[in-house]
Each structure stands twice: as C-alpha cells, then as structure tokens.
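K.L.:
attaching a predicted model along with its sequence, questions to come.
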Amino acid sequence: MKPRQKRFVLILIASCLLVVASVIVKNVFNDNLVFFYSPTEIVSGDVPQKKKLIRVGGMVVRDSVVRHQDNTTVSFIVSDNVNAIKVHYEGILPDLFREGKGVVAQGKLDQHGDFMASQVLAKHDENYMPPEVADLLERSKDQKILGD
Amino acid sequence: MIPEIGNFLLMLALVVAVIQSVFPLVGASRGNFQLMSLAVTSGRLQFILILFSFFCLIYCFLFNDFSVLNVAKNSNSSLPWAYRIAASWGSHEGSMLLWLVMLSGWTFAVSIKSRQLPMEMLSRTIGVMGLISIGFLIFIIFTSNPFDRLLPAAADGADLNPLLQDPGMVIHPPMLYMGYVGCVVPFAFAIAALLGGRLDSTWARWSRPWTTYSWVFLTIGIALGSWWAYYELGWGGWWFWDPVENASFMPWLSATALMHSLAVSEKRGGFKAWTVLLAILTFALSLLGTFLVRSGVITSVHAFASDPARGIYILAFLVLVVGASFSLYAIRAPKVGVGGSFDVISREGALLANNILFLASTAAILLGTLYPLFLDALGLGKISVGPPYFDVIFVSIMTPAIFFMGIGPLAVWKKAEIPDLVFRLKWLMFIAGTAASICMFFAGKWSPLVILGVFLAFWIISSSFLVFFERFKSVSQSTNLTNIGVCRRLPLGFYGMLTAHFGVAVFIIGVTAVGGYEQEKDLKMRIGEGVQVENYIVRLDRFAEIKGPNFDSTVGVFSIFEDGNFIAVLKPEKRFYHVQQMPMTEAAIDSSVTRDLYLSLGEPLQDGSWIVRVYLKPFVGWIWAGAFVMALGGILAASDRRFRKLREEKVREKNLV
C-alpha cells in the first residue's frame, strides 16, 4: 500500500471506532441518567417509567420515621409541603438525616406508589439544604400562594 | 494588626506580580536583558510576600483571632491546635490563598532550578506564571479575602466542619494543590515556547521533570483524598465519581497523557504540537477543577456556601486563560510542526494510542460531570449521572489502554517488526493467562470483571519483567559489566517507568478484589451478640462514653476473632460535635495486607440495640499502595541524571573557574 492509501485506511478505521464508541457512550450515559422529581410530580404520575432509577427530595416529615424491630428497614415520609410520599430504606441512614430536615433519596417506585430507596443522601452541614430541595420548597410555596 | 499586614502583603504581591509578568514578557520580545532579569527577582519576591501573608493567616487561626471573619467562621477556641492550622486552608478563602502559595512556590522553584534555561525562555515562563498569579490575587483580594474583619468580633468561632477534623485533611489539600497548581509549570513552559517559536527536544527535557513532579503530587493528593473518604465518611467506599473527585481526576488523566507524550517529544522529537496541546489542556482542566469546586456550582463536602460573583469570576478567568492559550496555539502551532514520522506499529504508535484513550476517558468523565450542570443552568431539570456510567465507560476505555501499556515499552521506536512483537506478546499472554487462571482457581468464585482485572494486572507485571530482562541482556552483552554493574548502568528513568507501571498493576489488583469479593452487612446488634463474616466473627462487647476536646463520643467495643482466635479489638465511634451540633461516624478498621475489616456504628434503636455496618474488604489497601508506588515511580523518573546533567555541567564550569 502507498502511504496515502495507508493513511486513508487508518482514518477510516479510526472514524468507525469513534462512531461505535460514541454510540456506546451515549447509550450507557442515557441508561444512567437519574432524574430528580418532587413528591408532587410523583403523586400526579409525571414519572415516565416506573422501573427507572430516580431521585426524590423534600423535607422529612416530623414523627414520620419508623424503624422496623426485626431488621434494619426504616420508613419515613418526604414532603414538599404540597404532597408527600412514603420512602422505605434498608440500612444505615446518614449522620445528618433528621426529621424536619431536607433529604434526597435515590431508588425506584413500587407498585403501591411507595418509594424504595437504595441510597439516602443528607449532606454534611447542619444548615445545608440540598439545592434541589431548596428550589422545590420555594416553588411549592409559590404554588400554595397561587392556590390560596 | 496581623490580618492587616497579611492583607497588605497580598496587595504588594499583586504589584510584584504585575512587574513579574509585564516586564519580563516585554523584555523577552524585545531582547532587553535588563527587563528580563526582573523575572527571577520578582518571582522570588512574590513567593516571599505570599508565604508571609499565609503565615499571617495561620497566625490568626492559631491565636484564635475571632475578629477575622474567616477565623470566626471556621475555627473555635476548643479546636486542637493542629486542626486550627489545617482550618486556615479548610475554608474557601484560605484554600485559595493556599493555591496561590503553591503557585508562587512553583515559580520560586522554577527560578532556582532553571538557571540553565536561556534567558528569554526563563523570563517568559516566569512571566506567564505571573499572569496567572495576577488573576488569582485579584480574585482573592476582591472576592474572597481571608483577612476580612468581623466587627464586633465574635466571642468564639463556629468551628471547623467535623468532617475536616482529621489528620488526612491536614495533608490532603496541600498535596492535591501542589499537584493541581504544578500543572502550571508545563503550561507556562509550553506558552513560553509558543511565544518564542522554539519547540525542540530541549524544551521537552525541561518540561519533563516538572510535569512528573506535579503528577506525583496529584497522584498522592488524590490517593490521600480517596483514603480519607474511605475511613472518614463511614460508607467504606473509596471512589464515588463525585464531581469534586472528577475535578481532580481529569487533570490527572491529562497529565498522565502529557507525561508520556513528553517522553516522545524529548526522545524522538515527535508529537510536538500534540504535547503543547496537552500541556494547555492539563492546566485548563486544573483551572476547571478549581472552578467546579470553588464556585459552588456543585454541591458536595467540598463546596462551601459561596456567592455567585466568585463563580462568575473564576469562569471568566478560565475562559480568558483557555481562550488566549488556544488562540496562541492556533496561530503558532503550524510553525512548530508535528515532528518526525513513525509507523503505526511502534512505540510511538502505542504511546499515541494510550494518549488518545486517556483523553477519551477524560472527555467521557467531563461529559458526565458537566452535563447535569448544563441542564440545570438551562433550566431543563435536575439530573445526576449514576456511578455505573463512569464505571462502565472508564473500565472499557482503560482496558485497551492497559493492554497498550504492556506493548509500548516492548516495541522499538519508529518501526517495530510485527512478527517479532507477536512472538514476544504471545508469551506475555500465556503468562498473564496462566497466572489469572491460577488465581481464579484459588479464589473459587469469579466473574468476568475479576478475570479481566487479574489478567490485566499480570499482563503489566509480566511485560515489565520482560522489558527489564531484555534491556538487561542488551546492556550486559555490549559491555563486560557485572550483573550489579549492569543494573546500575540502566537509567533511573527506566526504573521509574517500571515502578510506576507496577504500581498500576497493584492498583488494579486492589480494585478488582474489592469490586469482586467485598462483603457488606448492615445489621442490628445487642451487647454480647456476634456476627460471622467469612472466617471472622465480630462480637459487640460493650459501649463506652468518652469526651474529646470539642465532642462527646459513644464508642462501641468489638472483639474480632479469626478462625476462632482473638485477633483485635475495634472501637468505632459515634461522635457529637458541640459547636456545629453535628453527629459524625468514625469507622474502625483492622487492616492487613490481604484485607480490611471495617466497622462503623449506625444509630441506636429503642430496645438498646445498635445498627452496625460490617465490611470485609479484600486487598483494599492495595488501591492506595498502588497509587503510592506509581508516585514513587514518578519520583525515580524525575530524578534521572539526564535532567540534572545540564546544571551539573554549569556548576563544574564555575568550579573550574
């Protein structure tokens, strides 16, 4: 092969690889996007696929945390001051998980509309509010005012 | 008084930085030696000013000057003194000052170690570093001044975030910043070379040790951060693909590519335009990292509440630096030329493939890190990218890269003979395959990922041995040295490469074992109860209450038995920090070469039992050990005699006179 042909073949192979790689990256990327929803959006059925991993955030309702006696399962209610959703989680909650504080849970919805969390996130600062949650509460405040 | 002095020193430093950048750069373009000679002096002066300013800040923290806002926000009189010092870089303002100390420190080092550089090159390099310094000084003085006063003074401080009250936190940020900021040196060299239009192998030779040293610091810094997250966050994870981790990992990947590309530029005069591009890119990524961490656009442990002006300033600075560098590159790079030609199958080929793969993984990580930010900024919803994305993409891009890592050192420069290469690789395949199957046989349980990991690790190890023996043989045949003599004849850079590659193998073994065989149990335990994990029994003996300097703690006392024999007592804690009213989990770990046994306390239940997390993590220590071996390799490579040669010759000349 002449150098020119060789270069052509190389570029061709490289482009093919690039296309294949981009397609793979795009697919994996889309599969792992985790969308954030408010309890209101979930209750009103705005979540497109039930099976997909999603995040839900809001305030942990006071006196809603219930620990099971036999295992490490815990349930609590997350609210955006308009609607609320029940969250179940198995394992150890983060240090800053508190009733009346902001929380973000990651997991899936079950058939009853309860949220089965695989991960609970509460950040490391007493005054810290997850920005998603802060944003959400701000919006639901507006909504309430409009509703009134 | 002291804070005002610190503030004043910063302003003086700004003036000096202007002198340091303007005069030498003008001087270099006009060939004016008087102006150029200002570079070294002003660079050193700036370092002294900034260093003393930093000492002023440390002084304020150490002596509890709560009339300084930064101290009042991030320290407390009951904080132990070592953490009071660490608190001076625990806040946003302090960490930016630390950034600047590092920057001027690197400038100082360049001014001392680069006497052999041509005057023009040296003054341009220091001038470029001065420009960066101006940008950060303005940022600190006007948006994040650590010496801002609080009037009236607070009675006591709000304390340092308990997460940061840890020995790891004392050394992690300085190390990481050394690495981050160290990327400025190859960047400044590259810009200086572009300005001067001179890019030859001497330029690559100057850049190499600097790049390697900053890479070493970056490696150690990242490893320390990962280790800290492992034992301090109480989750037992060592890498979370958190945006902040990604922010430090992207420059690392790019710096790794740069290091290898510089090798080609120095030895073969090739890849020149590419190397310059990588140098710019690496620094751009480290600025981007600073922006991501410091602007508050991402939320994590590291992101402090901050005002948007800071984010906008850093973003503007980033755009300016990157834009200017790439414009200069676009204008000058065609003149530089691409360097000598080579065959696809050659060492250059393997290194180029590696470079591309490293950059591809950087791009993939960048996508996963920035995409959620873009969507959020455009108001298109809040999303996060799950760790599986990073895992899948990173492993699949790095697998071929590691495969090439075995081939590269074996292939000869310019053009390798395929049959010869295949013959030698066949043996490597065989050795790695056999080793992997033996391991699998003893491990019992296996998965495809585990096989891949073990195979790759042994692929690197066997390739490194083969490279060593071939090099050894060729030297011993051409000389009549003894075996030890031959070993001493081989350059330090060569050992450095082998060591660093070996470190990668160690790292892969750690990651593979943890990923494939770790055991996790979250369970309820009462006093006197035990739980079995593999051949270990963990028994909860009792609880104790202790008082720390600024916290109270509940300590669980656990006895650990291996095959029925008592081996250790572990004491995980649940601490409560008074000032910040914040609970903290302190894990307890029993480490050995082949496994870590990790205990952390969850929460107490009404019936007197506790939720306890028990992990068995095989070979987890190898992850960080691997990183440190890589760093050691970097140190060996950067200390190679050939980088010191020029200087020694000069010294000898002086001595003769």
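P.N.:
Here it is on my side, so go on.

K.L.:
what pairs with B:Tyr598 across the strands?
P.N.:
Counting by DSSP bridges, B:Tyr598 forms beta bridges with B:Ile589, B:Tyr615.

K.L.:
pLDDT wise, what is it at?
P.N.:
If you check B:Tyr598, the pLDDT there is 94.

K.L.:
so it makes contact with B:Ser591?
P.N.:
No. Between B:Tyr598 and B:Ser591 no contact is recorded; they are 9.1 Å apart, counting by C-beta atoms under 8 Å. C-beta: built from backbone N, CA, C; applies to glycine.

K.L.:
have a look at those two and say which one is more surrounded.
P.N.:
Using other C-beta atoms under 10 Å in any protein chain shown as the criterion, B:Tyr598 and B:Ser591 rank with B:Tyr598 on top: 25 against 14.

K.L.:
contacts only, for that one.
P.N.:
By C-beta atoms under 8 Å, 6 or more residues apart in numbering or on different chains, the residues touching B:Tyr598 are B:Gly236, B:Ala587, B:Ala588, B:Ile589, B:Arg613, B:Val614, B:Tyr615, B:Leu616, B:Lys617.

K.L.:
again, only this time at 10 Å
P.N.:
By C-beta atoms under 10 Å, 6 or more residues apart in numbering or on different chains, the contact set of B:Tyr598 is B:230-231, B:234-236, B:518, B:520, B:570, B:572, B:587-591, B:613-617, B:620.

K.L.:
cool, B:Ala188 as well?
P.N.:
B:106-107, B:110, B:124-132, B:207, B:210, B:279, B:283.

K.L.:
just the ones in helices from these, please.
P.N.:
B:106-107, B:110, B:124-132, B:207, B:210, B:279, B:283 (DSSP state H).

K.L.:
nearest to B:Gln477 among those?
P.N.:
Of all the ones in helices among the contacts of B:Ala188, B:Ser207 has the smallest distance to B:Gln477: 33.9 Å, by C-beta to C-beta.

K.L.:
neighbours around the closest one, how many?
P.N.:
26.

K.L.:
again with B:Val26
P.N.:
15.

K.L.:
how much space separates it from chain A?
P.N.:
Going from B:Val26 to chain A by C-beta to the nearest C-beta, to the nearest Å gives 43 Å.

K.L.:
wait, what's in contact with that residue?
P.N.:
B:Asn32, B:Leu35, B:Met36, B:Leu38, B:Ser123, B:Gly127.

K.L.:
mind putting those into a markdown table with pLDDT and distance to B:Arg488?
P.N.:
Shown next, in a markdown table, are the contacts of B:Val26 (pLDDT from 0 to 100; distance: C-beta to C-beta, whole Å):
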| residue | pLDDT | distance to B:Arg488 |
| --- | --- | --- |
| B:Asn32 | 88 | 47 |
| B:Leu35 | 91 | 46 |
| B:Met36 | 89 | 41 |
| B:Leu38 | 91 | 44 |
| B:Ser123 | 93 | 39 |
| B:Gly127 | 96 | 41 |
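
K.L.:
most neighbours, which of the residues you listed?
P.N.:
Busiest of those [other C-beta under 10 Å] is B:Ser123, holding 30 neighbours.

K.L.:
how does the chain divide into domains?
P.N.:
Went with chain A since none was named. Using automatic domain parsing, the domain ranges for chain A come out as A:1-32, A:35-147.

K.L.:
actually chain B
P.N.:
If you go by automatic domain parsing, chain B breaks into B:1-158, B:166-390, B:417-512+B:624-629, B:519-619.

K.L.:
and those, which one's lowest on average pLDDT?
P.N.:
When these are compared on average pLDDT, domain B:166-390 comes out lowest at a mean of 86.

K.L.:
how far off centre is it?
P.N.:
10 Å (C-alpha atoms, centre = their mean, to the nearest Å).

K.L.:
what's the answer for stretch B:14-29, then?
P.N.:
For stretch B:14-29, the distance to the chain centre is 30 Å (C-alpha atoms, centre = their mean).

K.L.:
quick one: which of the contacts of B:Tyr598 sit in strands?
P.N.:
Secondary structure from DSSP state E places B:Glu520, B:Leu570, B:Ala588, B:Ile589, B:Asp590, B:Ser591, B:Arg613, B:Val614, B:Tyr615, B:Leu616, B:Lys617 of these in strands.

K.L.:
can you select the buried ones among those for me in PyMOL?
P.N.:
Buried residues within the ones in strands among the contacts of B:Tyr598, by 16 or more other C-beta atoms under 10 Å in any protein chain shown, are selected in PyMOL with:
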select buried, chain B and resi 570+588+589+590+613+614+615+616+617
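
K.L.:
would you list the ones in strands among the contacts of B:Tyr598 in TSV and tack on distance to B:Ser462?
P.N.:
Putting the ones in strands among the contacts of B:Tyr598 into TSV (distance: C-beta to C-beta, whole Å) gives the following:
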residue	distance to B:Ser462
B:Glu520	33
B:Leu570	38
B:Ala588	38
B:Ile589	33
B:Asp590	33
B:Ser591	28
B:Arg613	38
B:Val614	37
B:Tyr615	32
B:Leu616	30
B:Lys617	27
